[in-house]
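In: Predicted model and sequence below, questions to follow.
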Amino acid sequence: MIISVDMSQMSRIIWLDEQNLTLCVEAGIIGQDLERKLQKRGYTVGHEPDSLEFSSLGGWISTRASGMKKNTYGNIEDLLVNVNYITPIGVINKKAAVPRMSCGPDLDHIILGSEGTMGIITTAVLKIRPLPPMTEFDSIVFHCFEDGIKFCRQIARERTYCASIRLIDNNQFQFGYALKPSAKSFYQSVKNSFVKFYVTKYKGIDVTKMSIATLVFVGTYHEVCHQRSNIFRIAATFNGFSGGAENGRRGYNLTNSIAYIRDLALKTNIVAESFETSAPWDKVDKLISNVKQRIHEECKKYEISNPFVSARVTQLYDEGACIYFYLGLYMVPSIEDPIHIYEQIEMLARDEIIANGGCISHHHGVGTIRKKWYKTTISETAHDVLKSVKKKLDPNNIFANGNLTNKEYS
């Protein structure tokens, strides 16, 4: 027997503390609903995963989620102050919602990323921030993806962040450009022609190699000006220049449309999905090129021509970055079991990621799809510790049986 617990009715904001900038909210609330309610009162959590439209607070915590504006607001582990976790043997809940404790291991980090394997999250206390006075977009054009990666590395080295910096490769740029609406007026047509001339002739950009970084700035006028000045100073050292606010806005918002485009593509025999990882800075370049090469090699074996493979560098850290891949395969009608073939190719791409120093996931989680790599990723000892914790909290193994660990205790 399988029981599915619907948390959607547990969506209330229980309290909001304007003095301490925290709120307590039920875990079934959907991200966009939480933001809508908070913004009416002048606040934001600032957590914007690509799935904001559908994902819940409980889902963010249980998958250890990351958002597009993490540079300003942090990942979910940075936003979480306290959590109420119902397990078969009792409730886990800290008695004081304080900024930091030195009280032994923090069990919140057992709950974060636990993927429903030990209990149910019912409520959480989160940090909030006043809505920023300004939100602005911009973009930076680079001659090639490699220059963009060097720019991202220098941004991280100097810690000169804005809320979001997302670097896309040429394939993803071409994809986004193909979706751009045609000019609706003579003025717009002339403007587009002038921009193209400026970029290709005056700046010497090869549109088949160029790369773009989309930027989001939040804060006061002076904070945004300071961020912009520093970021474009660094960009100039790698021959980058502004691509305009509208391109930044469109590139940022395109992320929210990808899943819908994927579903439409499936009707034309194109199987597509994203997968991600994180890696140290000294491995980012090689990892991306080797994964792309491996995918092309595997597609040849299945006689799949012209696979669409693109990469982007998203969340930046001192020591490395998150890397996103988009993979789209046109499956001719004669191909049997196209979903299985796609899964096999993605699995081999994941092997290549690990072989090149990446991890199994930056924020998508493990579940059953990536479970085969989990033990070697965290070490066999850590895996045994996790099983012991689960066995203590969930002695009958009823929660998310088969996620992270084996279906049966051993």
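Out: Arrived safely.
In: Need the pLDDT of residue 199.
Out: Looking at residue 199, its pLDDT is 69.
In: Oops, could you answer that again for residue 178 instead?
Out: The score at residue 178 is 80. That number is its pLDDT.
In: So the chain: which segments form each domain?
Out: With domains defined by the TED database, the chain comprises 13-130, 132-261.
In: how far does the longest one stretch from start to finish?
Out: Read it as domain 132-261. Using C-alpha to C-alpha, to the nearest Å, the span of domain 132-261 from its first residue to its last is 31 Å.
In: try the first one
Out: Using C-alpha to C-alpha, the end-to-end distance of domain 13-130 comes out at 17 Å.
In: Which stretches in the stretch 1-150 of the chain count as strands?
Out: Assigned by DSSP state E, counting those that start in this stretch, the strands in the stretch 1-150 of the chain fall at 13-17, 22-26, 43-44, 80-87, 90-92, 120-127, 129-130, 134-142.
In: Can you lay out those strands as JSON lines showing mean neighbour count, mean pLDDT and distance to residue 366?
Out: The C-beta positions use only the backbone N, C-alpha and C, and glycine is treated the same way. Output for the strands of the stretch 1-150 of the chain, formatted as JSON lines (neighbours: other C-beta atoms under 10 Å; pLDDT from 0 to 100; distance: least, C-beta to C-beta, whole Å):
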{"stretch": "strand 13-17", "mean neighbour count": "13", "mean pLDDT": "98", "distance to residue 366": "30"}
{"stretch": "strand 22-26", "mean neighbour count": "21", "mean pLDDT": "98", "distance to residue 366": "25"}
{"stretch": "strand 43-44", "mean neighbour count": "19", "mean pLDDT": "98", "distance to residue 366": "29"}
{"stretch": "strand 80-87", "mean neighbour count": "19", "mean pLDDT": "97", "distance to residue 366": "19"}
{"stretch": "strand 90-92", "mean neighbour count": "13", "mean pLDDT": "96", "distance to residue 366": "21"}
{"stretch": "strand 120-127", "mean neighbour count": "21", "mean pLDDT": "98", "distance to residue 366": "17"}
{"stretch": "strand 129-130", "mean neighbour count": "13", "mean pLDDT": "98", "distance to residue 366": "30"}
{"stretch": "strand 134-142", "mean neighbour count": "20", "mean pLDDT": "97", "distance to residue 366": "34"}
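In: returning to what we had before: pick out the shakiest of the domains of the chain, pLDDT-wise.
Out: domain 132-261 (a mean of 87).
In: distance between that one and the chain's centre?
Out: Its chain's average C-alpha position is 18 Å from that of domain 132-261, according to C-alpha atoms, centre = their mean, to the nearest Å.
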